[in-house]
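S.K.: Could you look at this predicted model? Sequence included:
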Amino acid sequence: MKKQNIGYLSEPNAQQIEAAADLLDRGKGEITPLPIDRIRFRRSRKIFLAIDEATKQVVGVGALKDDPNDAVEIGYLRVEPAYRGQGIGYALMRIKIEEAYQLKLQLIYANIKHNNQSTLAMLNKLGFEHWGYYKSGRGKGTLYWICLYLTLAPNVNVEALMSKKNTNLIPINFIPKQ
């Protein structure tokens with residue numbers, strides 16, 4: 001595919017945020033089996049978009065979620081399928097990490113579906129470390145998740161910060177073979 005000219009926004013307007021929510025909903029099944037919670041998405045601490053400069057369409061999205069603490073989940077990462085393989089997801093992730101540093105957060109973390117190998121590889125490349133395995137039963141069937149974190153400050157008490165996270169997920173020791 002021809003490389004597109006992509007711009008990145010960190011201050012999207014309401015119309016662009018709705019287009020990003022639509023992009024996330026079109027990815028239902030990739031990220032989660034349920035439609036996204038648009039109210040929670042809109043409340044994100046910060047939303048970042050990738051825009052095709054030629055068409056002005058939202059082609060990628062990522063966010064720092066609405067957690068008010070010093071440890072914030074990064075999520076809502078999705079790139080339109082026709083635009084994948086161009087480094088857009090990686091660029092959005094780097095932008096989120098840079099913003100987290102500017103906000104003086106101590107730690108960021110991500111919950112990804114266990115079979116999302118591309119995101120897992122990207123997070124490992126960016127220096128994220130493994131925190132744990134989880135399962136959830138929302139939607140249809142059981143889903144398995146991997147939680148990874150990245151410290152952004154010296155002497156972070158990872159145990160204290162992460163022990164308050166993922167309270168809606170059930171911790172497990174490993175992900176069973178499927």
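M.R.: Yes, it's here. Numbering: from 1, shown residues only.
S.K.: surely Met93 meets Gly62?
M.R.: Yes: between Met93 and Gly62 a contact is recorded at 6.5 Å, counting by C-beta atoms under 8 Å. Bear in mind the C-beta positions are built from the backbone N, C-alpha and C, glycine included.
S.K.: Spit out the residues that contact these two alike.
M.R.: Common contacts of Met93 and Gly62, defined by C-beta atoms under 8 Å, 6 or more residues apart in numbering, comprise 74, 77.
S.K.: who's more crowded, these two?
M.R.: Gly62 (27 against 21; other C-beta atoms under 10 Å).
S.K.: Need the residues that contact the helix or strand that contains that one.
M.R.: Assigned by DSSP states H and E, Gly62 falls within strand 58-64. Contacting residues not belonging to strand 58-64 are listed as 4, 6, 16, 19-20, 23-24, 41, 44-52, 72-80, 82-83, 88-89, 92-93, 95-96, 99-100, 103, 108 [C-beta under 8 Å, 6+ apart].
S.K.: Quick check: which ranges of the chain have low pLDDT?
M.R.: Applying pLDDT under 70 to the chain flags residues 1-3, 29, 31-34, 137-140, 178.
S.K.: Need the residue closest to the centroid of it.
M.R.: Compute the mean C-alpha point of the chain, and by C-alpha atoms, centre = their mean the closest residue is Gly75, 2.0 Å away.
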